[in-house]
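# got a sequence here, can you build the structure:
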Amino acid sequence: MVILVSGCSMDKVREQADELYKEGEFKAAAAKYDRVIKMEKNNHFALYNRGRALEEIGEFDRAYSDFTKLINMQKYTRKAMMARARCSYGMENYKGSVMDLNVLLKGEPDNLEALQLRGNSYLKMGEASKASDDLDKVVDRDPNNVHALVSRGAAYARMGMGPFAIDNFERALRIDPDIPVAYFNMGVVYLHHQYWSEALRYFNIALDKDPDYAQAMTRKGLVKLNSERYSLAQACADFKKGQEMGDDEAAEFISENCR
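Prediction:
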């Protein structure tokens, strides 16, 4: 049996979807937009908003499909391409993210959101130099961008530029002292340079800020494994806690060092 929906009823569904979207009820909004798009498959406004709602609730694959349809329809093209790049990043498809962002940045070289996301994507791909190039531009234009500072610090750290990395993390923490990843990254730099007490201090702060920070617990174990001030048993206790908290790398350290 085919159920017909009147124009008036469909207008009401669209209004309900829009209201839910504005209120941040993204899952419910996406369900309403499903109904709209089922009847009006080329409704680009509904497609974009459904994609954004799905992105907000972490359904990146479905959101990606909506943004791809919009790009193919040549509707909201640049906004849809930026959103699709975010979805690619969310799905850990960093090369795909960079491809869309390259296209965007050709037309909008000063698009800070695109530069920052491309920098983060390069960082995930292990291309620290390219990441720092993009993040330098972001920080130059937006010096209080905490997340760009942290990401640039991580890029500098991977390039072996420890003091510059520390400077970026400290700048970020002066703006917002409650960022666990900045303390964690500070600890990683000090760990790499074998400043055991400083590394341990920053991992402890990261855990104070986020008690579920599994990687920080595992890195505490690495500090204790390498420092003469601690025993192997103390290191293994931290590795086991890190494993229990969900850090897969902790299991490797346990296998290699602990009975």
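# which ones are touching Y213?
If you count contacts by Cβ atoms under 8 Å, 6 or more residues apart in numbering, Y213 has them with 180, 184, 206-207, 245. Every C-beta, even on glycine, is put in place using the N, C-alpha and C of the backbone.
# one more time with 6 Å, if that's ok
Contacts here follow Cβ atoms under 6 Å, 6 or more residues apart in numbering; on that basis Y213 touches 180, 206-207.
# swap in Y230?
K224.
# what strand or helix carries it?
Y230 is part of no helix or strand when elements are defined by DSSP states H and E.
# of the contacts of Y213 - the most surrounded one?
A206 (26 neighbours; other Cβ atoms under 10 Å).
# looking at it now. What's its pLDDT?
With respect to pLDDT, A206 scores 98.
# packing partners for the helix or strand containing it?
Element membership for A206 (DSSP H and E) is helix 196-209. Under the contact definition 3 or more Cβ pairs under 6 Å, 6 or more residues apart in numbering; DSSP states H and E, helix 196-209 sits against helix 180-192, helix 214-226.
# list of residues touching it?
Identification of contacts with helix 196-209 by Cβ under 6 Å, 6+ apart yields 178, 180, 183-184, 186-187, 190-191, 213, 216, 219-220, 223, 227.
# if any of those residues are buried, put those into a PyMOL selection.
Of the contacts of helix 196-209, the buried ones go into a single PyMOL selection, burial set by 16 or more other Cβ atoms under 10 Å:
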select buried, resi 180+183+184+186+187+190+191+213+216+219+220+223+227
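# just put the contacts of helix 196-209 in TSV and tack on distance to K95.
Formatted as TSV, the contacts of helix 196-209 follow (distance: Cβ to Cβ, whole Å):
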residue	distance to K95
D178	33
P180	28
Y183	30
F184	26
M186	29
G187	30
Y190	32
L191	30
Y213	28
A216	29
R219	28
K220	34
V223	34
S227	39
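# need the contacts of helix 196-209 in a markdown table (columns: distance to R259 and pLDDT).
Putting those into a markdown table (distance: Cβ to Cβ, whole Å; pLDDT from 0 to 100) gives the following:
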| residue | distance to R259 | pLDDT |
| --- | --- | --- |
| D178 | 38 | 96 |
| P180 | 31 | 97 |
| Y183 | 31 | 98 |
| F184 | 28 | 98 |
| M186 | 32 | 97 |
| G187 | 27 | 98 |
| Y190 | 29 | 97 |
| L191 | 24 | 97 |
| Y213 | 26 | 98 |
| A216 | 24 | 98 |
| R219 | 21 | 97 |
| K220 | 20 | 97 |
| V223 | 20 | 98 |
| S227 | 20 | 96 |
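# including distance to E23, could the contacts of Y213 go into TSV?
What follows is the contacts of Y213, written out as TSV (distance: Cβ to Cβ, whole Å):
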residue	distance to E23
P180	30
A206	34
L207	35
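# what bits of the stretch 1-150 of the chain have low per-residue confidence?
1-8 (pLDDT under 70).
# which stretches of it form helices?
For the stretch 1-150 of the chain, the helices defined by DSSP state H, counting those that start in this stretch occupy 7-22, 26-39, 44-56, 60-73, 77-90, 94-107, 112-124, 128-141, 146-158.
# in TSV: those, plus mean neighbour count.
What follows is the helices of the stretch 1-150 of the chain, written out as TSV (neighbours: other Cβ atoms under 10 Å):
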stretch	mean neighbour count
helix 7-22	15
helix 26-39	18
helix 44-56	22
helix 60-73	19
helix 77-90	21
helix 94-107	18
helix 112-124	22
helix 128-141	19
helix 146-158	24
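# adding distance to L232, write those helices out as JSON lines.
Shown next, in JSON lines, are the helices of the stretch 1-150 of the chain (distance: least, Cβ to Cβ, whole Å):
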{"stretch": "helix 7-22", "distance to L232": "55"}
{"stretch": "helix 26-39", "distance to L232": "48"}
{"stretch": "helix 44-56", "distance to L232": "46"}
{"stretch": "helix 60-73", "distance to L232": "42"}
{"stretch": "helix 77-90", "distance to L232": "39"}
{"stretch": "helix 94-107", "distance to L232": "37"}
{"stretch": "helix 112-124", "distance to L232": "33"}
{"stretch": "helix 128-141", "distance to L232": "33"}
{"stretch": "helix 146-158", "distance to L232": "27"}
